[in-house]
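# 3D model of this:
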Amino acid sequence: MADRSRGGALKRRVFVRGRGAITPLGETWPASRDALAEGRSAVAPVQHFDVEGYPSQVAATVPFPLGAWGLRSDKPSYAPKPPLDEAEDRRLALARRAADEAWAEARVSAAPSRIGVFVGAESGRATYRTIFALSRAAGGGARFDHARFGEDARALATAVHAAAVSPAAVASALAARIGAEGPVETISLACASGAAAIVSATQAIRLGLCDVALAGGVGADVDPFMLVGFGLLGALSARGVSCPFDLRRDGFVVGEGAAFVVLAAERGDARAEVAGAARTLDAFHLTAPDQAGDGAERAMRGALDDAGRVAIGYVQAHGTSTQLNDAVEAAAIRRTLGDALPNVHVGAVKGAVGHWVAGAGAIGFLCALEAVEGGICLPTAGLTEPDPACVLPHVVGAAKRKPVEAALVNAFAFGGANTSLVVSRCA
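Here you go, the predicted structure:
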């Protein structure tokens, strides 16, 4: 594939060859997309552990059985290598399902050394039941009982597996599964992780470090620790409703899922490509965004500059449903798009599937891709009364259909890490 020049720099084009997702609304991306297009929400009361007394008692969980490692009945057309570890955690199970779908659709071929894997994932954890058991083993008093803890911890050792606590486990396992022997990278940037992984994959292909890349993100954080932790930060909705940009928004809802794409230097039958990408940092606060929105705006402008002359028709916003973040992002979008804003539709997927943290930017990318490939501008579930402080051309209710030349994706994270991507129709 010949290089093309933008701004005087030569770089290879990066085509989207496959996509896959497992979400609280569907076991595949098409099933999830159809539910999202209807404006459905998966937010529901938490059932798999006792949430009495918790600051939030709802979440968007994946209700489908994930199964053990191995091929599903609708197995992909490739033969996986043996798993790195049979005792996988939920991140691995979710990621495998989404990656299988993306890889099967892509139908790409490359030498193993030319295939890379880039995954947005936070650190795994031992199951909360195991951690609670270890806590009880410590004696539960003011003084730590070393002898008792050591004795009980040895009995619980088999319940805590390396795969469950290693940030790199997902990327390494997926690489082994598809036979990738090129660059493998784990990105851990909180809510920007999944989008940042797609940026890294794009850069690796552009620079010739690999020819094919599996990239995306996974979040599996519906557990007591995340509900308590985000609750203490005041980030969760007390009403139990995720409604980005709505006047009544009061926080986000925790969700889980995985989304992946296969990117390649060869076009094949691809209808879309990654045209632009940029990452910035607020350098402002560990949890609060810069109220000026400078970092978010620089990320969007950087991605648009990288893409060159494209007409944005859809924005998949970060849209957390928190007061400050939504207002800051809306203002940054208005400044960035300026006079082009009336021709743009804006949606935010977290209203439907909750906040996946490390996987959030990846599912956002698939939503933007749908606008470009299928002309389907997905709505913001839960949004019924837009906040005057968040004035944008929102998609409310059900999806809007229109031809979209290019779409912008935002993913902004704790710590001020900002990532924006532009996906466009293939010329």
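# quick one: residue 390 and residue 276, what's the gap?
With distances defined as C-beta to C-beta, to the nearest Å, the gap from residue 390 to residue 276 amounts to 24 Å. Using the backbone N, CA and C atoms, a C-beta is placed for each residue, glycine as well.
# For residue 119, list the residues it contacts.
Contacts for residue 119 (C-beta atoms under 8 Å, 6 or more residues apart in numbering) come out as 95, 170, 171, 174, 185, 186, 187, 197, 215, 216, 217, 218.
# repeat that for 10 Å
Listed by C-beta atoms under 10 Å, 6 or more residues apart in numbering, the contact partners of residue 119 are 91, 95, 99, 167-175, 184-188, 193-194, 197, 200-201, 214-218, 258, 260, 358-359, 362.
# show me where the stretch 151-300 of the chain has helices.
Listed in chain order, the helices of the stretch 151-300 of the chain (DSSP state H, counting those that start in this stretch) span residues 162-165, 169-178, 193-206, 224-232, 294-307.
# ranking those helices by burial, who's on top?
Per-stretch averages of neighbours, counted by mean count of other C-beta atoms under 10 Å, single out helix 193-206 among the helices of the stretch 151-300 of the chain, with a mean of 28.
# returning to what we had before: export the helices of the stretch 151-300 of the chain as JSON lines, with columns for distance to residue 32 and mean pLDDT.
Listed next are these as JSON lines, based on distance: least, C-beta to C-beta, whole Å; pLDDT from 0 to 100:
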{"stretch": "helix 162-165", "distance to residue 32": "26", "mean pLDDT": "64"}
{"stretch": "helix 169-178", "distance to residue 32": "20", "mean pLDDT": "94"}
{"stretch": "helix 193-206", "distance to residue 32": "15", "mean pLDDT": "98"}
{"stretch": "helix 224-232", "distance to residue 32": "22", "mean pLDDT": "87"}
{"stretch": "helix 294-307", "distance to residue 32": "25", "mean pLDDT": "97"}
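# is it possible to export those to TSV including distance to residue 425?
Compiled in TSV, the helices of the stretch 151-300 of the chain are given as follows (distance: least, C-beta to C-beta, whole Å):
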stretch	distance to residue 425
helix 162-165	39
helix 169-178	27
helix 193-206	17
helix 224-232	37
helix 294-307	12
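# Counting by contacts, list what the helix ranked longest in the chain packs against.
Among the segments of the chain that qualify as a helix by DSSP state H, the longest is helix 90-106. If contacts are counted by 3 or more C-beta pairs under 10 Å, 6 or more residues apart in numbering; DSSP states H and E, helix 90-106 sits against strand 15-22, helix 29-37, strand 115-120, helix 162-165, helix 169-178, strand 212-220, strand 256-264, helix 360-374.
# most tightly surrounded among those?
Between the helices and strands packed on helix 90-106, the one whose residues have the most neighbours on average, counting mean count of other C-beta under 10 Å, is strand 212-220 (a mean of 33).
# Need the CA coordinates for it. CSV is fine.
The C-alpha coordinates for strand 212-220 follow below in CSV (Å, rounded to 0.1, in the frame of the first residue of the first chain):
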residue,chain,number,x,y,z
VAL,A,212,-1.9,-6.0,11.3
ALA,A,213,-3.0,-5.0,14.8
LEU,A,214,-5.7,-6.2,17.1
ALA,A,215,-6.6,-3.2,19.3
GLY,A,216,-9.2,-2.3,21.8
GLY,A,217,-10.1,-2.3,25.5
VAL,A,218,-11.9,-4.2,28.2
GLY,A,219,-13.5,-3.2,31.5
ALA,A,220,-14.7,-5.6,34.1
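# Got the confidence number for the residue nearest to residue 15 when sequence neighbours are not counted?
Distances taken as C-beta to C-beta, 6 or more residues apart in numbering put residue 270 closest to residue 15, at 3.8 Å, once the chain neighbours are dropped. Model confidence at residue 270, given as pLDDT, is 98.
# same question, residue 21
At residue 21, the pLDDT recorded in the model is 98.
# coming back round to it: quick check: mean pLDDT of the longest helix of the chain?
Along helix 90-106, the predicted confidence averages to a pLDDT of 96.
# Tell me what angle it forms with strand 115-120.
Using axes from the mean of the first three to the mean of the last three C-alpha atoms, to 10 degrees, the direction of helix 90-106 lies 140 degrees away from that of strand 115-120.
# Bridged to residue 276, which residues?
Beta-bridge partners for residue 276, by DSSP bridges, are residue 422.
# And it, how far from residue 290?
22 Å.
# Looking at the two, which one has more neighbours?
The residue with more neighbours, out of residue 276 and residue 290, is residue 276; 24 against 18, by other C-beta atoms under 10 Å.
# Residue 424 is in contact with that one, correct?
Yes. The pair residue 276 and residue 424 qualifies as a contact (C-beta atoms under 10 Å) at a distance of 8.1 Å.
# in the stretch 251-400 of the chain, which segments are predicted with low confidence?
Within the stretch 251-400 of the chain, the set of residues satisfying pLDDT under 70 comprises 286-287.
# Is there a neighbour count for the nearest residue to residue 35 once chain neighbours are set aside? I'd like the number.
The spatially closest residue to residue 35, leaving aside those adjacent along the chain, is residue 25, at 3.9 Å (C-beta to C-beta, 6+ apart). Other residues within reach of residue 25, judged by other C-beta under 10 Å, total 23.
# Using CSV, please lay out the helices and strands packed on helix 90-106 together with distance to residue 325.
CSV is the format used below for these (distance: least, C-beta to C-beta, whole Å):
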stretch, distance to residue 325
strand 15-22, 23
helix 29-37, 21
strand 115-120, 19
helix 162-165, 29
helix 169-178, 26
strand 212-220, 17
strand 256-264, 20
helix 360-374, 12
